[in-house]
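Visitor: heads up, no residue letters with this:
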């Protein structure tokens, strides 16, 4: 192979690698949050403490990178998706609350968790509708509804209309976007 041809192949492979890296990184989520949001708070037993107006949490990309582990950053700030059947909570059945890994907002109660067979933690409803935001997601040629934390804008996963009664909804959430806090009576 000539040096010129080898150089062109190397150049093409390098451009492909950069393209693959940029594709894998996904777009930075730049959600415009209002200065304050209404959030429902819950105690360690899962009892509602009411809804209050709180400051939204807005940080720079550099601040999120500093706070979060790489996989947490990729899922919550770049809308990546963890592999099916690989996340910490897909088979986990503890009793408690699932909170946002970025800001600690209560998102789901374990009492609404069910086995969807999809390989991701699935919930039939959020702990409070105030705590979850939804947006249309047309990525990957699919028409889906993305769900995010209302307080900090963290991407959590998607909601589908194939869940169990009574809601008929399946909140398909990335484990890495959540922290679990065991219920304390």
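Guide: Looks like it arrived, so ask away. None of the values given here were measured: they were computed from a predicted structure. Residues are numbered from 1 along each chain as shown.

Visitor: rest of the way, CA atoms for contacts and neighbours
Guide: Will do.

Visitor: With adjacent residues omitted, what lies nearest to the residue nearest the centre of the chain?
Guide: Central residue of the chain (C-alpha atoms, centre = their mean): residue 156, 1.7 Å from the mean position. Leaving aside its sequence neighbours, residue 156 sits nearest to residue 148 (C-alpha to C-alpha, 6 or more residues apart in numbering; 5.1 Å).

Visitor: what's the burial count for residue 83?
Guide: Look at residue 83: counted by other C-alpha atoms under 10 Å, it has 10 neighbours.

Visitor: Which pLDDT value belongs to it?
Guide: pLDDT, residue 83: 96.

Visitor: separation between it and residue 101?
Guide: According to C-alpha to C-alpha, to the nearest Å, residue 83 stands 18 Å off from residue 101.

Visitor: worst-scoring helix or strand of this structure, pLDDT-wise?
Guide: helix 3-25 (a mean of 48; mean pLDDT, DSSP states H and E).

Visitor: now for the helix or strand that comes right after it, which elements pack on it?
Guide: Sequence-wise, the next helix or strand downstream of helix 3-25 (DSSP states H and E) is strand 36-42. If you count contacts as 3 or more C-alpha pairs under 8 Å, 6 or more residues apart in numbering; DSSP states H and E, strand 36-42 packs onto strand 48-55, strand 106-109.

Visitor: Show me which positions of strand 36-42 end up buried.
Guide: Within strand 36-42, the residues scored as buried using 16 or more other C-alpha atoms under 10 Å are 37, 39-42.
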